[in-house]
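Undergrad: Build the 3D model from these lines:
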Amino acid sequence: MSQIDKAILGALLIELQNDPTANAYIIEKFNRNTSRKLIKQKVQKLKNYLFEIKKIEKDRIVFLTEFGDENLTRIYIVPAGAQPPTVDER
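TA: Model (predicted):
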């Protein structure tokens, strides 16, 4: 995991600490030709970092994946009662 990834995830953790009722949604967008194995590995690496190393509660972060023309990560903080983001299935 790169330093940029860790910095972004660190900011996410601060946001979650500041609002204990909020949840996070991490949407990973992968190029259409990305293998399922690679997708699973990346999501598992993120989960290990957040849940095992940073000890964030597992029920506070939802991981979603989608396919597109480029690799992209989007992170949303969703306050309690707000609608969660959706995944584009195109």
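Undergrad: Which residues are in contact with the residue nearest to the spatial centre of the chain?
TA: Most central residue of the chain, judged by C-alpha distance to the mean C-alpha position with CA atoms, centre = their mean, is residue 26 at 2.3 Å. Contact criterion CB atoms under 8 Å, 6 or more residues apart in numbering gives 46, 61, 62, 63, 64, 73, 74, 75 as the residues in contact with residue 26. Quick note: C-beta positions are derived from backbone N, CA and C, even for glycine.
Undergrad: Keep only those of the residues you listed that are in helices.
TA: For the contacts of residue 26, membership in helices holds for residue 46, with DSSP state H as the criterion.
Undergrad: ok, and the most crowded of the contacts of residue 26?
TA: Across those, the neighbour count under other CB atoms under 10 Å reaches its highest value at residue 61, namely 20 neighbours.
Undergrad: Give the bridge partners for that residue, please.
TA: On the basis of DSSP bridges, residue 61 is bridged to residue 24.
Undergrad: Now for it: which residues touch it?
TA: Under the criterion of CB under 8 Å, 6+ apart, the contact partners of residue 61 comprise 23, 24, 25, 26, 50, 51.
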